[in-house]
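Chemist: Sharing a model that was predicted from the sequence below.
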Amino acid sequence: MISLLIKNAWLLTMQGEACGFVEKGAVAVDKDKIISVGKTEELENKWQAEKVIDATGKVVLPGLIDAHIHTGMALYRGVAQDMNNWLQKGVGPFFNGITDEEISIGSMLNVLEGIKAGTTTFGDYDYPMARIVNNHYQAGVRCHVASMVNELPSNLHHLRVGEIYPLDQTIGKRKLKEAIELLDKWHRKGNGRITCALGPQGADMVSKELLLEMRKLAKTYGVKVHIHVAQGERETDQMIKRYGMRTVEYLNSIGYLDEDLMAVHLTDATKEEVELLAKSGVSMIHCPGSIGLIDGIVPPVIEYMEAGGKVGLGSDQAPGNNCNNMFNEMKSAAIFNKIKKADPTVMPAEKALRLATIEGAKAIGLEKEVGSLEVGKKADMIIVNMQEPGLSPVILKPVNNIVANLVYSARGHEVETSIIDGEIIMENRWIRSVDEQEVIQKAQRAANSLSERIVKRIQSVNN
């Protein structure tokens, strides 16, 4: 007797062409692993299951992977849109005024948002991760977490635009200590659902000594380094003033470019830098919605893939992107790059879906565990109702429209069921592990308190 059998589904296994489409497909799960994938008739004859889900009219596919997300910024969703100097003028007052408890409360809101839109793996990159990681554990999701390390004092918003950041080694040492404690306590915990990385915030925000120490530690622990790279003019200006070279050249000069590096954004990376990074085995994490809204730029993801580089997708953070929804990121990646290249064949739907599943898994180093419906892999999958108005009708011949409609039409609410590590985390839109309304209400109260403090602070400064 196995744990679960899902039958009569349209499967997208992510193996082979057409995203591995199987008609009248089935997936057999025992405990936390996929033990069989194939036709319903075959698996029904082979297995008896404790629970059977009839997925007629629905698609079953691997859970979506959000390779880069700051869940701790959820409370100030939508406060920094349509402006320049996003970091200092937009999120600065909120970032500097929020408490650790409020960060944690907001984080759970982002986790629930992601689950309800099909995310099963969260590449959370934030601070204080020691508190945030408990949300992932409680919710039952898979996560690849990094405690964000920098040497920046809290009063950066007082600096003039273009002024070099002061770096404080005391802050860096404290945050590095916390990052190591996170690794020691959480890496491979929760039946392996929780994995860790080391997360320097950016080459412009930590010293060379700290960067090298974190790289050495990553090798010792066997984990990746998750870092913002070539984020834009602000970072490039800081790097040239401090080191006399751009970020990618600098990282190369200190031996930082290899397969253990996850480079987020690459907003203003040059053609030569893209080729160097891809050739070095570095993963690019592409956050199209966030960078589009914050900078009005489409990063060089097409060029990166053409150079043979590994690429995953990320939703980034709520004040820059407004949502943490991987269907939004797939659609944005496809449409933005078509516009950028003036070519409708660029970034087809199948490629966008692969970036949010198997290619995303490769980018964060979890491809042996998740990203495809494959025997021996973890049972991380979602069931999407294709009978929703926006996803209907389903056409299989002469053209199969399922993948195109998932990428260009789905909004996330069509995800009915989420299975992570073999456990049903959400069924019929109801999340079993957490009280959704309680999370929303706590987040609203915390946002009210945060906003009131910021208003008072602004008033006191003006007076």
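Modeler: Everything's here; your move. Residues are numbered from 1 along each chain as shown.
Chemist: At the geometric centre of this structure, which residue sits there?
Modeler: Centroid-nearest residue in the chain: residue 66, 2.5 Å away (criterion: C-alpha atoms, centre = their mean).
Chemist: neighbouring contacts of the strand or helix carrying residue 59?
Modeler: Using DSSP states H and E, residue 59 maps to strand 58-62. Residues outside strand 58-62 that contact it (C-beta atoms under 8 Å, 6 or more residues apart in numbering) are 6, 9-14, 19, 25, 27, 120, 353, 357-358, 370-373, 380-387, 402, 406, 416. For every residue, glycine as well, the C-beta is placed using N, CA and C.
Chemist: what distance separates stretch 298-311 from the centre of its chain?
Modeler: In terms of C-alpha atoms, centre = their mean, to the nearest Å, the gap separating the centre of stretch 298-311 from the centre of its chain is 17 Å.
Chemist: whoops, stretch 124-139 was the one
Modeler: Relative to where its chain is centred, stretch 124-139 has its mean C-alpha point 14 Å off (C-alpha atoms, centre = their mean).
Chemist: Residue 27 against residue 373, yeah?
Modeler: Yes - using C-beta atoms under 8 Å, residue 27 is in contact with residue 373, at 5.9 Å.
Chemist: Overlap in contacts, those two.
Modeler: Counting by C-beta under 8 Å, 6+ apart, the shared contacts of residue 27 and residue 373 are 11, 34, 37, 60, 381.
Chemist: So between residue 27 and residue 373, which is more surrounded?
Modeler: Using other C-beta atoms under 10 Å as the criterion, residue 27 and residue 373 rank with residue 27 on top: 28 against 25.
Chemist: relative to strand 58-62, how tilted is the helix or strand encompassing that one?
Modeler: In the assignment (DSSP H and E), residue 27 maps to strand 21-30. Orientation of strand 21-30 against strand 58-62 (axes from the mean of the first three to the mean of the last three C-alpha atoms, to 10 degrees) gives an angle of 70 degrees.
Chemist: Name the residues of strand 21-30 that are buried.
Modeler: 21, 22, 25, 26, 27, 28, 29, 30 (16 or more other C-beta atoms under 10 Å).
Chemist: cool, and stretch 395-411?
Modeler: Going by 16+ other C-beta under 10 Å, stretch 395-411 has these buried residues: 400, 401, 402, 403, 404, 405, 406, 407, 408, 409, 410.
Chemist: hmm, back to that, so what pLDDT did the residue nearest to the centre of the chain get?
Modeler: At residue 66, the model reports a pLDDT of 98.
Chemist: for it, helix, strand, or coil?
Modeler: strand (DSSP: H, G, I helix; E, B strand; the rest coil).
Chemist: For it, give me its contacts.
Modeler: Residue 66 touches 114, 119, 121, 122, 123, 313, 314, 315, 324, 326, 329, counting by C-beta under 8 Å, 6+ apart.
Chemist: Sort out for me which of the shared contacts of residue 27 and residue 373 are in helices.
Modeler: Residues of those located in helices (DSSP state H): none.
Chemist: which of those residues tops the neighbour count?
Modeler: Result: residue 381 is most packed of the shared contacts of residue 27 and residue 373 (other C-beta under 10 Å), 28 neighbours.
Chemist: thought it was touching residue 25?
Modeler: No - using C-beta under 8 Å, residue 381 makes no contact with residue 25, being 11.6 Å away.
Chemist: what residue ranges in the stretch 301-450 of the chain score low on pLDDT?
Modeler: Counting by pLDDT under 70, the stretch 301-450 of the chain contains no low-confidence segment.
Chemist: Quick one: the strands in it, in order.
Modeler: Shown for the stretch 301-450 of the chain, the strands assigned by DSSP state E, counting those that start in this stretch span residues 310-313, 381-385, 415-420, 423-427, 430-431.
Chemist: Reformat those strands as TSV; add distance to residue 170.
Modeler: Shown next, in TSV, are the strands of the stretch 301-450 of the chain (distance: least, C-beta to C-beta, whole Å):
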stretch	distance to residue 170
strand 310-313	34
strand 381-385	44
strand 415-420	39
strand 423-427	40
strand 430-431	41
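Chemist: what about these, which gets the closest to residue 188?
Modeler: strand 415-420 (15.8 Å; C-beta to C-beta).
Chemist: Run through the stretch 51-200 of the chain and note the low-pLDDT ranges.
Modeler: If you take pLDDT under 70 as the line, the stretch 51-200 of the chain has these spans: 86-88, 155-160.
Chemist: swap the cut-off to 90 and go again
Modeler: Within the stretch 51-200 of the chain, the ranges that satisfy pLDDT under 90 run 78-97, 153-165.
Chemist: that older thread, from the shared contacts of residue 27 and residue 373, pick the one nearest residue 172.
Modeler: Distances from residue 172 to the shared contacts of residue 27 and residue 373, taken by C-beta to C-beta, are shortest for residue 381, at 40.2 Å.
Chemist: Can you tell me the closest non-neighbouring residue to that closest one?
Modeler: Nearest residue to residue 381 in three dimensions, chain neighbours excluded: residue 419, at 5.2 Å (C-beta to C-beta, 6 or more residues apart in numbering).
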